[in-house]
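Enquirer: Need the 3D shape of this:
(one chain, ligands or ions: 1)
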Amino acid sequence: MKACIAGTGSYAPTRVLTNADLERMVATSDEWIQERTGIRERRIAATGEACSDLAVQAGKRALAAASVAASDLDMILVATCTGDYPLPATACLVQHQLGATHAAACDLSAACCGFVYALSVADAYIKSGMRHVLVIGSEVMSAITDWTDRNTCVLFGDGAGAVVVSASDGAQEILSTHLRSDGTLCELIMVPGGGSRMPPSEHVIAERRQYIKMKGNETFKVAVRSLEEIARSTLAANDLRVEDLDLYVPHQANIRILKAVMDRLGLPIDKVMLNVDRYGNTSAASIPIALDEAVREGRIKKGSLVMLGAFGAGLTWASALIRW
Ligand code: UT7
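Expert: Numbers count the residues shown, from 1 in each chain. Reported below is the predicted structural model:
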């Protein structure tokens, strides 16, 4: 049995935080942010709006697009690093809210690669007999962002994207998924406090260790190399060339990373889905939001060959090749 993406959906909180807003919060400028990252604005969850709230909205839209009832879902996977609670899994809250009474539910933690990792898990479960799996990437990055640190606070945003992965007997197919990790680079991006290594305490909070820390410049270089490597091996594994692609949907972290990858691959910009200017880096939500926008804008149609490429903390990197 093959697996395909039967429908997509996304949701972004209504509050918009612009670069001009950030100029009033830290020593930065709209010019620096746009030039170094390509970001103009990002969405921020309302007070009390949590990861599962965003995930449920995106999930409902994906189910509607796929014409699949929540009660027909076999499994719900939520890729996130900003779940509602340390436990239970956010996917269980989503399962309850959607009324997906027959679905197993769990979260998957692979930072910005979480969605592509979860897609590969869904693909494997469909191949072993499940019919419908809802895969959601949902993040409230604003909850782990240090709003006094200009190195990171200009980069991240909140949002959710979802796909329904279903059994397919037609031409639509997830052709392959490719997953990589290198834990020797775990310190490049991390939230050092609040876990079992350094449980929450007054000290953790005083030192602001509950927030994301990133060595941006080193991460940048590895990101470019890794995205190029995994794109080439994904195409080679399927006996395809860059020219065969209709659309590349990469993790939206930084426009300069993506331009460097496009240059190295010889991929023209009109074959790349870009929305980092409006959302910033939404971690696991980034690719499914971009995918949903591409579908709704008509940039992905039946028969399109689409490649996903993700990169993030861990470090991890991942890709998927999909015949729509
Ligand atoms: O999704 C997970 C994966 N994460 C990523 O892919 C992020 C990868 N890294 C990046 O996107 C970039 O490295 C950044 C956008 C984070 C930074 O850009 P950069 O060109 O690598 O800048 P840099 O870190 O080398 O810093 C250059 C300068 C520094 O000043 P000095 O030391 O040269 O005087 C920073 O202090 O820019 C300064 N700077 C800022 N200036 C104004 C850093 N952040 C800001 C800021 N506004 N927000």
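Enquirer: care to break the chain down by domain?
Expert: Here the domain parsing of the chain from automatic domain parsing is 2-170, 175-323.
Enquirer: Looking at these, which one is packed in the most?
Expert: domain 2-170 (a mean of 21; mean count of other CB atoms under 10 Å). The C-beta positions use only the backbone N, C-alpha and C, and glycine is treated the same way.
Enquirer: what about that one and the ligand, touching?
Expert: Yes: Domain 2-170 reaches the ligand (CB under 6 Å from any ligand atom) through Thr28, Trp32, Arg36, Thr37, Cys112, Arg150, Asn151, Val154.
Enquirer: That domain: end-to-end distance?
Expert: Start to finish, the residues bounding domain 2-170 are 9 Å apart (CA to CA, to the nearest Å).
Enquirer: How about stretch 195-210?
Expert: 9 Å.
Enquirer: Same list, the domains of the chain, but as a markdown table with mean pLDDT please.
Expert: What follows is the domains of the chain, written out as a markdown table (pLDDT from 0 to 100):
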| stretch | mean pLDDT |
| --- | --- |
| domain 2-170 | 98 |
| domain 175-323 | 98 |
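Enquirer: elements contacting whichever helix or strand Leu291 is part of?
Expert: Using DSSP states H and E, Leu291 sits within helix 286-296. Helices and strands touching helix 286-296, as assessed by 3 or more CB pairs under 8 Å, 6 or more residues apart in numbering; DSSP states H and E, comprise strand 2-11, helix 51-66, helix 114-127, strand 132-140, strand 158-168, strand 247-250, strand 305-312.
Enquirer: Which other helices and strands does the shortest one contact?
Expert: Counting contacts by 3+ CB pairs under 8 Å, 6+ apart, strand 247-250 packs against helix 255-265, helix 286-296, strand 305-312.
Enquirer: Go again with 6 Å.
Expert: helix 286-296, strand 305-312 (3 or more CB pairs under 6 Å, 6 or more residues apart in numbering; DSSP states H and E).
Enquirer: same deal with the second one?
Expert: Counting by 3+ CB pairs under 6 Å, 6+ apart, the packing neighbours recorded for helix 51-66 are strand 2-11, helix 90-98, strand 132-140, strand 158-168.
Enquirer: So what's the gap between the longest one and the chain middle?
Expert: Taking the mean of its C-alpha atoms, strand 158-168 sits 11 Å from the chain's own mean (CA atoms, centre = their mean, to the nearest Å).
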